[in-house]
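Colleague: Build the 3D model from these lines:
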Amino acid sequence: RRDPYECLGVPKSASQSEIKKAYYAASSLSSALAKKYHPDTNKDKDARLRFTQVQEAYELLSDEKKRAEFDQFGFGFQGTGGSQGGFYSYTSTDGHGFPGGFDPNDIFGQFFSGGGYSGGTNYTDAGAHAGGDPFRNLSGESIQAPLTISFMEACKGTKKSVSVQRVINCSTCSGSGMKQGIKRDLCKTCHGSGVQTVQMGGFHMQTTCSTCAGQGQSIPPGGQCDTCNGLGKIQPSKIFKRQDTDVFLDTKIPFYKALLGGKVRIPTIDGDVELKVPKGSQADDKIALRGRGIQRLQSSGRGDQIVTLKIDLPRTMSNEQRSLIETFASLVDRDYQK
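Modeller: Modelled structure (predicted):
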């Protein structure tokens, strides 16, 4: 494509009167230029194309707005009209104008319309050409909604409508989003810079890294905090405690079952079950019920329920009960022998 200034034979600093004068000189049949290119005097198949270029050059440069856009963006700017041999009408990715047929309007579409870049297609529908859009999938920060659910709803799952008001740090990970002991990895996309370079037509542009959201570091796979993966607060249970996918329960057993062994009925998040107490159990002994905990994220497995034994001693006894205890004590401790 020929430069419109060159086509009319005027410098870029030319005034409107100079441009008009050059156009009339070029389009006059008495001028050498017109005689050379006018299709009525030149039967060459390209003559009409060259003459059209003169017309379009004047149409472009005589319009202050179009001229300013051309001066800023060059051949790739979005003009009006135009034909196959025009200066500024952006039509395809045939290599004319900006390298790769790049349309600068696509840049503005990225930031203001939410649409995608399709490598040289005019923007007519925001988001209609989303393929390859480096701006579309930037992840925002996770937030915690002021939602209260019951302990059982947290264990079994539920659906709630929430209104997001403020960001609250997770009490387990203190807002880091990671399990205890996990450290962030250097982002493999931006190598710690927080920005990535994307190519759009003939331009290289820097934008916030879509992998780490500009932080330069990312949480390694499997390192996310198990507690705050679900957004919201969990109302404490009066019975259970939770850590990640495990459920904890303190249960009282009578002292004689701790000594002799036996069975006690205890609650789980699935309902009551019988727990076998080994003989000779001590206070604070722990028994694990495998698979009785909370469903693991993205897994078919479940955590465990950990039962801590608490020995329940009677505050009062009947005479017969006291007599039996004294008899036992006298067998193992001289202080109780009569």
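
Colleague: can you give me the strands in the protein?
Modeller: Applying DSSP state E to the chain gives strands spanning 148-149, 185-186, 195-200, 203-208, 217-218, 233-234, 240-243, 246-254, 262-268, 271-277, 286-289, 305-312.

Colleague: What mean pLDDT does the second one get?
Modeller: I take that to be strand 185-186. Taken as a whole, strand 185-186 has a mean pLDDT of 80.

Colleague: who's in contact with it?
Modeller: 192, 216-220 (CB atoms under 8 Å, 6 or more residues apart in numbering). Every C-beta, even on glycine, is put in place using the N, C-alpha and C of the backbone.

Colleague: same check, this time on the fifth one
Modeller: Residues outside strand 217-218 that contact it (CB under 8 Å, 6+ apart) are 184-188, 192, 211-212.

Colleague: can you rerun that using 7 Å?
Modeller: Outside strand 217-218, the residues within contact range by CB atoms under 7 Å, 6 or more residues apart in numbering are 184-187, 211-212.

Colleague: coming back round to it: now the contacts of strand 185-186 as TSV including neighbour count?
Modeller: Below are the contacts of strand 185-186 laid out as TSV (neighbours: other CB atoms under 10 Å):
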residue	neighbour count
192	14
216	17
217	14
218	18
219	18
220	13
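
Colleague: just to revisit the earlier point, mind giving me the ChimeraX select for the contacts of strand 217-218, buried ones only?
Modeller: To isolate the buried ones among the contacts of strand 217-218 in ChimeraX, judged by 16 or more other CB atoms under 10 Å, type:
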select :184,187,211,212
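
Colleague: Now do the end-to-end distance for stretch 187-194.
Modeller: 8 Å (CA to CA, to the nearest Å).

Colleague: Just name the shakiest helix or strand of the protein by mean pLDDT.
Modeller: When each helix and strand of the chain is scored by mean pLDDT, DSSP states H and E, helix 105-112 comes last, with a mean of 48.

Colleague: re earlier: Serialize the contacts of strand 185-186 to JSON lines and add fields for distance to residue 56 and pLDDT.
Modeller: Compiled in JSON lines, these are given as follows (distance: CB to CB, whole Å; pLDDT from 0 to 100):
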{"residue": "192", "distance to residue 56": "49", "pLDDT": "82"}
{"residue": "216", "distance to residue 56": "49", "pLDDT": "80"}
{"residue": "217", "distance to residue 56": "53", "pLDDT": "78"}
{"residue": "218", "distance to residue 56": "51", "pLDDT": "73"}
{"residue": "219", "distance to residue 56": "56", "pLDDT": "71"}
{"residue": "220", "distance to residue 56": "58", "pLDDT": "72"}
